[in-house]
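Colleague: With the input below, show me the fold.
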Amino acid sequence: MMKRRIFGLAAAACATLALSAPFAQAQDKGELVYMTPGLDLAFWRYVSEGVKSVAEENGYGFSALDSTNDPQTQLQNAQDAVARGVAGIVLSPTDSSTAPAILTLAKDAGIPVVIADIGTDSGEYVSLIGSNNYEGANGVGKALAEAMKADGKEDGSVGIIGISQARLNGQARTKGFKDAMADAGITKDAGLQQMQAYTADETFKFTQDMITSNPDMTGMFVQTDGPTLGALQAIKSARMTGEVLVGAFDGIPEFVPLLQSGDIVVAGMQQPYLMGVRSAEAMVEHLDGGTPEKEITVPILIVTSDNIEEMLPTIKETVFANEIE
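Modeller: From the prediction side, this is the model:
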C-alpha cells in the first residue's frame, strides 16, 4: 500500500513538472511585453496575437499592456514593465512624439525595444517594423480616384478622417492619399478631421459634419479600420450610399462583405498579425545575440471590390490572424 502511494505521488509530481515545464522555461527566459495604443482597435489586437505567437514559441512569457490611447497610461505601463525586469518590449506608441520617453526609460534599464508601427521622433531601438504608409495610402487614393472617375464623380470634393497627424504614419497616409488625388486631377478638398477616440461613433459625427459642410462631397478616405464603419453609417443615414465613395485603411472581417458589395471601394490593408510576428522575431534574434535589420517593411495589400476574392486567403492569415474561416 505504501509503495503504491509513493509511486502515485511520484507520478503526480512528474505530471505536474511536465505541465509546468513550458511555464518554467518561459519564466527562465523572461517576459516579452507588447505595449499597444489601444486593444479596442482590432489592428492592435492582431499585432498582439502575432507577438504572442512568436514569444510563446521561443519559450518567453507574454503580456499585452493597453495604453488606452493615453500617453500617461503608456508611460505608466513602461514603468511597470521596467520594474518587472522584462526581457524585452515591443512598442506601438500612442504617437511618435511620446515614444522617445519610453525608449529612454527602457535604455536606462538595459531593456531592448522593438517598435511595431507608428514610429518615433527620436531614440534608440533594436528594430522598427512597419509598413510603407505613404505607398499604401497612395494606392488607396489611386483606386478611389479611378472609381470616382468611372462614376463621373471626379468633380466632387474629397474628405479625410485621419489618425493622429502627430504620428509619422498618419502624416504619411495623408500625404500619400493627397498626392494620388492631385495626380488624378481631383482637387476639391472637404477637409481633414483627426481621430482622438478612434471609435465608429466619433467618425459618424465627423462624417455628418463633412456632409453638411460639403454637399458636393463624393469621396472619403478613413485612415483606420473600425471607425470606417461609423463613416459608412453616417453616409447611409444621409441617404448618400453610392454617392460618397469610401476608401479605407487597415482591415477587419466586417470589411469583406463591404468590399464585395462595393460599399467600400478599396482598403489599404496592413498585415498586422505578420507585423507582430516580425517584431517578435527581431526581438528574439536580438536576445539570442544576433543583429536584426534596423528597418523591416511589411507590405500593404491594396484590396478592392475587384480583387477581394483572390486576396481573401492571404488576408485571413496575415491581416485577421485567422479570426474568420
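
Colleague: what's near enough to touch Thr228?
Modeller: By C-beta atoms under 8 Å, 6 or more residues apart in numbering, the residues touching Thr228 are Ala200, Thr203, Val222, Val246, Ala248, Phe255, Ile264. To be clear about C-beta, it is placed using only N, CA and C from the backbone, and glycine gets the same treatment.

Colleague: can you count the residues close to the fourth one?
Modeller: Using other C-beta atoms under 10 Å, Val246 has 23 neighbouring residues.

Colleague: Equivalent analysis for the third one, please.
Modeller: Other residues near Val222 come to 30 when the count uses other C-beta under 10 Å.

Colleague: Cross the contacts of Thr228 against helices and list the overlap.
Modeller: Residues of the contacts of Thr228 located in helices (DSSP state H): Ala200, Thr203, Phe255.

Colleague: Surely the second one touches Ile235?
Modeller: No. At 10.7 Å, Thr203 and Ile235 do not qualify as touching, with contact defined as C-beta atoms under 8 Å.

Colleague: neighbour count winner among the two?
Modeller: Legend: neighbour count by other C-beta under 10 Å for Thr203 and Ile235, higher for Thr203 (27 against 24).

Colleague: and of the ones in helices among the contacts of Thr228, the nearest to Gln171?
Modeller: Closest to Gln171 out of the ones in helices among the contacts of Thr228 is Thr203 (19.3 Å), distances taken as C-beta to C-beta.

Colleague: Tell me who's in contact with the closest one.
Modeller: For Thr203, the contacting residues are Ile161, Met195, Val222, Pro227, Thr228, Leu229, Gly230, Ala231, Ala234, by C-beta under 8 Å, 6+ apart.

Colleague: how does it look with 10 Å?
Modeller: The contact partners of Thr203, taken as C-beta atoms under 10 Å, 6 or more residues apart in numbering, are 161, 193, 195, 197, 220, 222-224, 226-234.

Colleague: And for Thr174?
Modeller: Listed by C-beta under 10 Å, 6+ apart, the contact set of Thr174 reads Asn133, Tyr134, Ala137, Ile160, Gly162, Ile163, Gln165, Leu192, Gln194, Phe221, Gln223.

Colleague: Can you mark which positions in the helix or strand where the second one lies are buried?
Modeller: For Tyr134, the host element (DSSP states H and E) is helix 133-150. With burial defined by 16 or more other C-beta atoms under 10 Å, the residues of helix 133-150 counted as buried are 133-148.

Colleague: Please save the CA atoms from that helix in CSV.
Modeller: In CSV, the C-alpha atoms belonging to helix 133-150 read as follows (Å, rounded to 0.1, in the frame of the first residue of the first chain):
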residue,chain,number,x,y,z
ASN,A,133,2.2,54.1,-45.2
TYR,A,134,2.8,56.6,-48.0
GLU,A,135,2.8,53.9,-50.6
GLY,A,136,-0.3,52.2,-49.2
ALA,A,137,-2.3,55.3,-48.9
ASN,A,138,-1.2,56.4,-52.4
GLY,A,139,-2.6,53.0,-53.6
VAL,A,140,-5.9,53.7,-51.9
GLY,A,141,-6.0,57.1,-53.5
LYS,A,142,-5.4,55.8,-57.0
ALA,A,143,-8.1,53.1,-56.7
LEU,A,144,-10.6,55.6,-55.2
ALA,A,145,-9.8,58.2,-57.9
GLU,A,146,-10.4,55.5,-60.6
ALA,A,147,-13.7,54.6,-59.1
MET,A,148,-14.8,58.3,-58.8
LYS,A,149,-13.9,58.9,-62.5
ALA,A,150,-15.7,55.7,-63.5
